[in-house]
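**Student:** Build the 3D model from these lines:
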Amino acid sequence: MKKRFGLFLSLFFILAVSSWGKPRGEVTILYTNDVHTYIANTVKDKDGNKVPGLSYGSIAALRDDLKAQGKQVALIDAGDHVQGTAYGAMDNGASIVKFMNAAKYDLATLGNHEFDYGAKRVFEIIKEAKYPYVACNFVTADTNKPVTEAYKVLKFGKTKVAFVGIMTPETYTKSTPAYFMDEARTKFIYKIAAGDNGQELYDTVQKAINAAAKKADYVVAVGHLGDDPSSAPWTSIDVISHTYGLDAFIDGHSHSTVPHKIVKDAKGKDVVLSQTGCYFAAIGKMTLSDKEVSSELVTSYDRVDESVTALVKDWAAAVDKKLNEEIAVSDVPLYINDPANPKSRLIRKQETNLGDLVADAAYYYFNEVEQLKCDMAIGNGGGIRVDLPAGSYSYNSAKKVQPFGNVMCLVELSGQDVLDALEFGARKVGSGENGGFLHVAGIKYTIDTSVPDTIKTSTEGLWTAGPSSYRVTDVQVYNKEKAAYEPLDLKKTYTMGGLNYTLRNMGDGFAMLANTKLVKDYVGEDYLMTSSYVKSFKKGADGKPHISTANSPLSAYKNYLIDYENPNGAGRITIK
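**Tutor:** Residues are numbered from 1 along each chain as shown. Below is the predicted model of the structure:
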């Protein structure tokens, strides 16, 4: 009896080891995030020559080479891939999806900028893709059911990997809130599970992890959350530390370069976090194995998949031909970053000369081209994307600065609405960046950073109530007839030009502007309006318009603040 019992225990032990401790196998995951349609990058080689950078052809070749070595390989994307440059905007991301299909992506999640072409276009993109999109917290507002699959289990040899998709709740304001609403814009029909303290997001992700873990050997989050503290409590680090069961987290959104970072989960287990940066600067390479989970960034690769590369080159050539026509010459460099520290993005926290130019373009267009009364114009810092060196200025230059394809409109609003909008845009000045920081034309104002931000917002980040005291003071509006700036009258009705995104669709959370009276909508794309403005500058001896303060048609406005030679702008926004 004892011998039989001992034999039973031995057999039980063998079975237990084989079922509970079986090797899970090794899988390599290649990943991208925040490519933003930068499909034709160039980098400098060791001799200083420009050579092609990483691309969809590179990542396809890397995947095939790893497979040739006998490795099991997955290829995924963590969002923001269909929008960013003219290569995406020219066909609303259709060609980018074709490139990802050709490169044989296995899976992707939705970034906030996937929504920039409208909610209808998001669902078209999902259908066009041969790979699945996953997002556990993108749900219907009434039933809380995932709009896409919450997770997807993919098999690589004998190994199963579950990928849990997670969208940033900031999509509400960093895309366009109206896209998530019914036609009357009275209620949300879709929502992104979030919670003011993040708990709704954590619970939603945990539910998906639990379900996925029952079906897979590894569970990997594919999130578009980022690690920027300003996104708390919805960062990738927040989610990891408030959940358990993940082996790794592949991230996007904050454009951070994170080769390999260990974050403790809610039960103290190590979870590997990684993010590639942005704009195809790197390809992520993660290895899942029983021994360890590791990740690294690949910043160059010598081989490309020729068929994928040919597709990209043909499309890039077609777009470049349309956009590379020179329309002006800039006599001055135009900045979004600090000239002394290019890594410091000024455009989201203070005035710059390029911010002034973009706002002036709207102000000029409505007043001089449309011949409509436009008292002021605004441009959000998050929509102005790159520095421009002095020299040739083309449609492509304008499109790089304003890549999102937003259209312009003119609205009527009260002086109180103007003050509230400026206050909302200035709420983070002195403490951090804000994509909703407002650059202005026809206005000047002061921001007092000693006054704390007491604005109230909704869970979705929309303005709900004004502050107890205003940081923004001394707002003055330019009067063209009197050629002088006059104090803002809170009870007066003004006209304001700007992006439909901000003035009509609550982009960046500007809900106080949602009910403004429309004067004219869908005037044209923002970059075309800016192009129209620079084409109106006085021509030089070469017969081309030259961008400078003296050559601007607005220089004819007496006492109007304009100074494109100064990287910090004309002094329209004073910060103290």
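
**Student:** pLDDT below threshold where in the stretch 51-200 of the chain?
**Tutor:** 175 (pLDDT under 70).

**Student:** tell me how far the ends of stretch 184-203 are from each other?
**Tutor:** One end of stretch 184-203 to the other measures 31 Å (Cα to Cα, to the nearest Å).

**Student:** And the contacts of that stretch?
**Tutor:** Contacts with stretch 184-203, where a contact means Cβ atoms under 8 Å, 6 or more residues apart in numbering, come from 119, 136-142, 144, 147, 166-169, 171-172, 178, 180-182, 204, 232-234, 238-239, 242-243, 459-460, 514. To be clear about C-beta, it is placed using only N, CA and C from the backbone, and glycine gets the same treatment.

**Student:** Could you pick out the buried ones from the residues you listed?
**Tutor:** Those of these that meet the buried threshold are 119, 136-139, 147, 166-169, 171-172, 178, 180-181, 204, 233-234, 238-239, 242-243, 459-460, by 16 or more other Cβ atoms under 10 Å.

**Student:** lowest-confidence helix or strand of this structure?
**Tutor:** helix 2-20 (a mean of 40; mean pLDDT, DSSP states H and E).

**Student:** What is the subsequent helix or strand relative to that helix?
**Tutor:** strand 27-32 (DSSP states H and E).

**Student:** list the helices and strands that following strand packs on?
**Tutor:** helix 56-68, strand 73-77, strand 159-167, strand 218-224, strand 248-250, strand 270-276, strand 283-288 (3 or more Cβ pairs under 8 Å, 6 or more residues apart in numbering; DSSP states H and E).

**Student:** Export these as JSON lines, with columns for distance to Lys520.
**Tutor:** Shown next, in JSON lines, are those (distance: least, Cβ to Cβ, whole Å):
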{"stretch": "helix 56-68", "distance to Lys520": "40"}
{"stretch": "strand 73-77", "distance to Lys520": "38"}
{"stretch": "strand 159-167", "distance to Lys520": "34"}
{"stretch": "strand 218-224", "distance to Lys520": "35"}
{"stretch": "strand 248-250", "distance to Lys520": "44"}
{"stretch": "strand 270-276", "distance to Lys520": "41"}
{"stretch": "strand 283-288", "distance to Lys520": "45"}
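
**Student:** Of the ones you listed, give the one that comes closest to Pro567.
**Tutor:** strand 270-276 (29.9 Å; Cβ to Cβ).

**Student:** The closest one pairs with which strands, and in what direction?
**Tutor:** strand 248-250 (parallel), strand 257-264 (antiparallel) (DSSP bridges).

**Student:** Of those strands, which stretch is the most buried?
**Tutor:** Comparing these by mean neighbour count (mean count of other Cβ atoms under 10 Å), strand 248-250 comes out on top with a mean of 27.

**Student:** for the residue nearest to Arg427 when sequence neighbours are not counted, what are its contacts?
**Tutor:** Of all residues not flanking Arg427 in the chain, Asp453 sits nearest, at 4.3 Å (Cβ to Cβ, 6 or more residues apart in numbering). Residues near Asp453 by Cβ under 8 Å, 6+ apart: 427-428, 431, 467, 471.

**Student:** which pair in those residues spans the largest distance?
**Tutor:** Ser431 and Pro467 (14.6 Å).

**Student:** between those two, which one's more packed in?
**Tutor:** Neighbours per residue (other Cβ atoms under 10 Å) separate Ser431 from Pro467, with Pro467 holding more: 17 against 12.

**Student:** what about the strands in the stretch 351-500 of the chain?
**Tutor:** 376-380, 391-394, 408-414, 438-441, 443-447, 456-457, 463-465, 472-479, 484-487, 493-499 (DSSP state E, counting those that start in this stretch).

**Student:** per-residue pLDDT, the residue nearest to Asp489 when sequence neighbours are not counted?
**Tutor:** Residue nearest to Asp489 in three dimensions, not counting chain neighbours: Gly415, with 4.9 Å by Cβ to Cβ, 6+ apart. For Gly415, the pLDDT comes out at 98.

**Student:** Done for today, thanks.
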